[in-house]
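A.B. asks: from the sequence below, what's the structure:
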Amino acid sequence: MTTVFGVDIGGSGIKGAPVDLDKGVLAQERHKVLTPHPSGPDEVIGAVCEVVRHFDHRGPVGLTFPGVVVDGHTRTAANVDKGWIGLDAEARFSDALGLPATVVNDADAAGIAEVTHGAGRGRPGVVLLLTFGTGIGSALFSDGVLVPNTELGHLELRGKDAERRASSAAKERHDLSWAEWAGRVDEYLDLVEMLFSPQLVIIGGGVSRKHEKFLPLLKDRRAEVVPAELRNDAGIVGAAMAAARRPTVPAAQPPVGG
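C.D. replies: Modelled structure (predicted):
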């Protein structure tokens with residue numbers, strides 16, 4: 001079994017676990033801590049260190065980030081502290097952990113996992129994964145090839161960022177029923193379907209655990225709409241996969257004394 005550690009940094013929680021890369025599943029039960037507030041680099045890096053050290057991990061670490069990531073630098077920070085903007089996040093995480101670190105957009109990581117091991121496995125054409133949580137993340141694939149950092153949650157819908165209306169956080173903030181929220185999700189799906197004509201839309205994020213409460217309420221559309229098979233573990237799995245794909249990353253080492 002080949003394992004690499006994955007960490008999923010979200011607006012409300014930070015969770016991680018070793019990942020069985022051969023099967024695309026968590027090798028151990030994940031450990032989660034609350035995302036600190038303020039969610040600046042120092043605070044979040046400290047929380048990530050707590051998660052990784054919980055497992056006494058030695059070896060490469062893959063990490064998701066809720067924003068645009070280019071060459072290990074975090075370029076945007078819609079749902080975390082603005083201190084992340086322009087930061088060499090990979091270098092900061094690697095220095096703090098004392099381990100090789102790879103940072104990737106959170107929805108891209110979830111998409112990589114779902115296209116390889118989950119609902120998008122073997123599916124040709126345009127596949128779009130959308131994560132509904134604190135915001136709306138997106139991962140766009142064409143014949144299995146990722147277009148990174150699409151950030152489609154920030155498309156304009158009714159004069160504001162779409163995620164302000166249709167994220168699961170918006171459902172809670174406005175105390176919407178499942179039917180009311182499904183109507184907003186439908187409106188958002190109309191927009192992305194018009195722009196990208198996906199054959200498959202995968203719904204991920206924490207709300208995917210309750211997909212039976214809202215997916216049946218969505219209207220019929222050309223795209224097939226399905227729940228993420230890896231549910232909310234997809235980010236952890238995809239982060240580990242991204243770390244494993246780095247050619248400069250050595251193989252995972254067993255914990256000291258292991």
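A.B. asks: could I get the full set of strands for the stretch 51-200 of the chain?
C.D. replies: Using DSSP state E, counting those that start in this stretch, the strands of the stretch 51-200 of the chain run over residues 61-65, 69-70, 73-74, 87-88, 101-105, 126-132, 136-142, 145-147, 156-157, 160-161, 200-204.
A.B. asks: what would those strands look like in JSON lines with mean neighbour count and mean pLDDT?
C.D. replies: Every residue, glycine included, has its C-beta placed from N, CA and C. Shown next, in JSON lines, are these (neighbours: other CB atoms under 10 Å; pLDDT from 0 to 100):
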{"stretch": "strand 61-65", "mean neighbour count": "30", "mean pLDDT": "98"}
{"stretch": "strand 69-70", "mean neighbour count": "18", "mean pLDDT": "98"}
{"stretch": "strand 73-74", "mean neighbour count": "20", "mean pLDDT": "98"}
{"stretch": "strand 87-88", "mean neighbour count": "16", "mean pLDDT": "98"}
{"stretch": "strand 101-105", "mean neighbour count": "27", "mean pLDDT": "98"}
{"stretch": "strand 126-132", "mean neighbour count": "27", "mean pLDDT": "97"}
{"stretch": "strand 136-142", "mean neighbour count": "25", "mean pLDDT": "97"}
{"stretch": "strand 145-147", "mean neighbour count": "14", "mean pLDDT": "97"}
{"stretch": "strand 156-157", "mean neighbour count": "14", "mean pLDDT": "96"}
{"stretch": "strand 160-161", "mean neighbour count": "14", "mean pLDDT": "95"}
{"stretch": "strand 200-204", "mean neighbour count": "25", "mean pLDDT": "98"}
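A.B. asks: can you tell which of those is closest to V51?
C.D. replies: Closest of the strands of the stretch 51-200 of the chain to V51 is strand 61-65, at 9.6 Å (criterion: CB to CB).
A.B. asks: okay if I get the strands of the stretch 51-200 of the chain as TSV plus distance to I112?
C.D. replies: Formatted as TSV, those follow (distance: least, CB to CB, whole Å):
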stretch	distance to I112
strand 61-65	10
strand 69-70	13
strand 73-74	18
strand 87-88	22
strand 101-105	8
strand 126-132	9
strand 136-142	7
strand 145-147	7
strand 156-157	26
strand 160-161	24
strand 200-204	12
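A.B. asks: which one of those strands lies closest to W178?
C.D. replies: Each of those has some distance to W178 by CB to CB; the shortest is strand 126-132, at 12.5 Å.
A.B. asks: note down every partner strand of the closest one and its orientation.
C.D. replies: Its sheet considered, strand 126-132 pairs with strand 136-142 (antiparallel), strand 200-204 (parallel) by DSSP bridges.
A.B. asks: coming back round to it: quick one: which of the strands of the stretch 51-200 of the chain is nearest L34?
C.D. replies: Nearest of the strands of the stretch 51-200 of the chain (CB to CB): strand 61-65, 16.3 Å.
A.B. asks: check which helices and strands the closest one is in contact with.
C.D. replies: Here strand 61-65 touches strand 3-9, helix 89-97, strand 101-105, helix 106-117, helix 234-245, going by 3 or more CB pairs under 8 Å, 6 or more residues apart in numbering; DSSP states H and E.
A.B. asks: quick one: that strand to strand 3-9, angle?
C.D. replies: 20 degrees (axes from the mean of the first three to the mean of the last three CA atoms, to 10 degrees).
A.B. asks: strand 61-65: how far from the chain's middle?
C.D. replies: The chain centroid and the centroid of strand 61-65 are separated by 9 Å under CA atoms, centre = their mean, to the nearest Å.
A.B. asks: quick one: contacts of that strand?
C.D. replies: Strand 61-65 is touched from outside by 4-10, 48, 52, 74, 84, 89, 93, 97, 99-106, 109-110, 235-236, 238-244, with contacts defined as CB atoms under 8 Å, 6 or more residues apart in numbering.
A.B. asks: check stretch 74-83 too.
C.D. replies: 9, 11, 35, 38-41, 43-44, 65-69, 84-87, 89, 103, 134-135, 149, 151, 153-154, 161, 163.
A.B. asks: now swap in stretch 175-187 and tell me
C.D. replies: 132, 157, 165-166, 168, 170-171, 213-214, 217-219.
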